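# Model the structure of this input:
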Amino acid sequence: MSKLSHLDDAGNAAMVDVSKKKITARTAIASGKVVFPSAVFEELSAQDFLGKKGSIIQTAVIAGIQAVKKTSELIPLCHQLSLSKVKVDIVPSDNCLLITCTVKCNERTGVEMEALTGVSVSALTIYDMCKALSHDIVIGEIKLNEKTGGKSDYRS
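Predicted coordinates for the structure are as follows:
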């Protein structure tokens, strides 16, 4: 049976020691979506997702990239990583914006938390920029889609 990696034998929070792991190329892809009431989505779509604060999509992309770079400051037991690539894509779909964040590095530990943080902060930024139109905006389905590198790969 597996044990939680961020707890020591006494049950205390502990950062994982990755010093003996090999440096490998690692990638993580996460996704999520922001769902709008249909009238709000139609209004935003008609305006090309431009609001009083500027481009909703481009602002959320930049926020997601910044968040990825700050993940170790936000999540206490995450390692600081030297990132090779961060890409945030946001595309309109049926009454929603779909967010995908891809993160790459050559490190001793993976970038899943960075990809998930990028999606989360992008979604929160969209909410912030659109909340004047409605508070019935729903952020959801944030998940890890894929991770490669390290001990094992994962695909949902």
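# same question for the longest helix along the chain, mean pLDDT?
Counting by DSSP state H, the longest helix found in the chain is helix 112-130. Averaging pLDDT along helix 112-130 gives 97.
# helices or strands next to it in the packing?
Applying 3 or more C-beta pairs under 8 Å, 6 or more residues apart in numbering; DSSP states H and E, we find helix 112-130 packed against strand 24-35, helix 56-69, helix 71-74, strand 83-93, strand 96-107, strand 138-148. Where C-beta positions appear, they are placed from N, C-alpha and C, glycine not excepted.
# Between the ones you listed, which one is closest to Glu42.
strand 83-93 (10.9 Å; C-beta to C-beta).
# buried residues in the closest one?
Within strand 83-93, the residues that qualify as buried by neighbour count (16 or more other C-beta atoms under 10 Å) are Leu83, Val86, Lys87, Val88, Ile90.
# and if you look at stretch 134-153?
Buried, per 16+ other C-beta under 10 Å, within stretch 134-153: Ile137, Ile139, Ile142, Leu144, Asn145, Glu146, Lys147, Thr148, Gly149, Gly150.
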